[in-house]
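# Got a predicted model here, sequence first, then my questions.
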Amino acid sequence: MDSNLPFLPVNIAVLTVSDTRSLADDRSGDTLVARIEAAGHRLAGRRIERDDADAIEAVLRDWIADPEIDVVISTGGTGVTGRDVTPEAFGRVLEKEISGFGELFRMLSYAKIGSSTIQSRALGGVAMGTYLFALPGSTGAVRDGWDDILVTQLDSRHRPCNLVELMPRLREHL
């Protein structure tokens, strides 16, 4: 961390994907929101959407089009069951995948849950200048994804490099 550099808060929207949760019992979403705000970032939106690829895609497209949202982080729907369709919805909107995010998430997760980590299809990418990250729905996975990866990559002071410093260049092709 280079304390000589300014901290640049990022506008982050949180999407919980679940057929059963509401805002009243969305512990994973609450955990993520608390960490985002504690890090000094701004919560730019929060939704709960059912496990439906079309519905998830619609929310993602709305948020990607919103110039006030820099990052979307979802929680839930990244497993391998029939209702787990978050990666498919992300795949419909992503322009570039950040393969290292899912790889690093599973590597870190392996140290905690062993080979069960293969059931996670966590992923990251970019669409229309907006970063998108899909985390599993457990509070542990949210903590791991935020605390071990995203908190530093979304901090403009992190060295040797971070995702924030690339934001002005994400839309160069548009």
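Right, received. Where do you want to start? A quick note: this is a predicted structure, and the numbers were derived from the prediction, not measured. Residues are numbered from 1 along each chain as shown.
# Only C-alpha atoms from now on, for both contacts and neighbour counts.
Fine.
# pretty sure residue 52 contacts residue 85?
Yes. Under the criterion of Cα atoms under 8 Å, residue 52 makes contact with residue 85 at 6.7 Å.
# Just want to know which of the two has more residues nearby.
residue 85 (23 against 18; other Cα atoms under 10 Å).
# From residue 113, how far out is that one?
Separation of residue 85 from residue 113 (Cα to Cα, to the nearest Å) stands at 22 Å.
# max-length helix in this protein?
Under DSSP state H, the helix in the chain containing the largest number of residues is helix 99-113.
# List the buried residues in that helix.
101-102, 104-106, 108-109 (16 or more other Cα atoms under 10 Å).
# where exactly do the strands run in this structure?
Using DSSP state E, the strands found in the chain span residues 11-17, 42-49, 71-75, 96-97, 123-127, 130-135.
# Pull the contacting residues for residue 20.
Shown in contact with residue 20 (Cα atoms under 8 Å, 6 or more residues apart in numbering): residue 50.
# what's the pLDDT at it?
What the model reports as pLDDT for residue 20 is 90.
# next one: residue 23
87.
# Tally up the residues packed near residue 27, please.
With other Cα under 10 Å as criterion, residue 27 counts 17.
# How about it: what's its closest non-neighbour residue?
residue 139 (6.7 Å; Cα to Cα, 6 or more residues apart in numbering).
# these two touch, right, residue 39 and residue 150?
No. Judged on Cα under 8 Å, residue 39 makes no contact with residue 150 at a distance of 10.5 Å.
# one step back: could you export the buried residues of helix 99-113 as JSON lines, including distance to residue 130?
Listed next are those as JSON lines, based on distance: Cα to Cα, whole Å:
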{"residue": "101", "distance to residue 130": "15"}
{"residue": "102", "distance to residue 130": "17"}
{"residue": "104", "distance to residue 130": "20"}
{"residue": "105", "distance to residue 130": "20"}
{"residue": "106", "distance to residue 130": "23"}
{"residue": "108", "distance to residue 130": "25"}
{"residue": "109", "distance to residue 130": "25"}
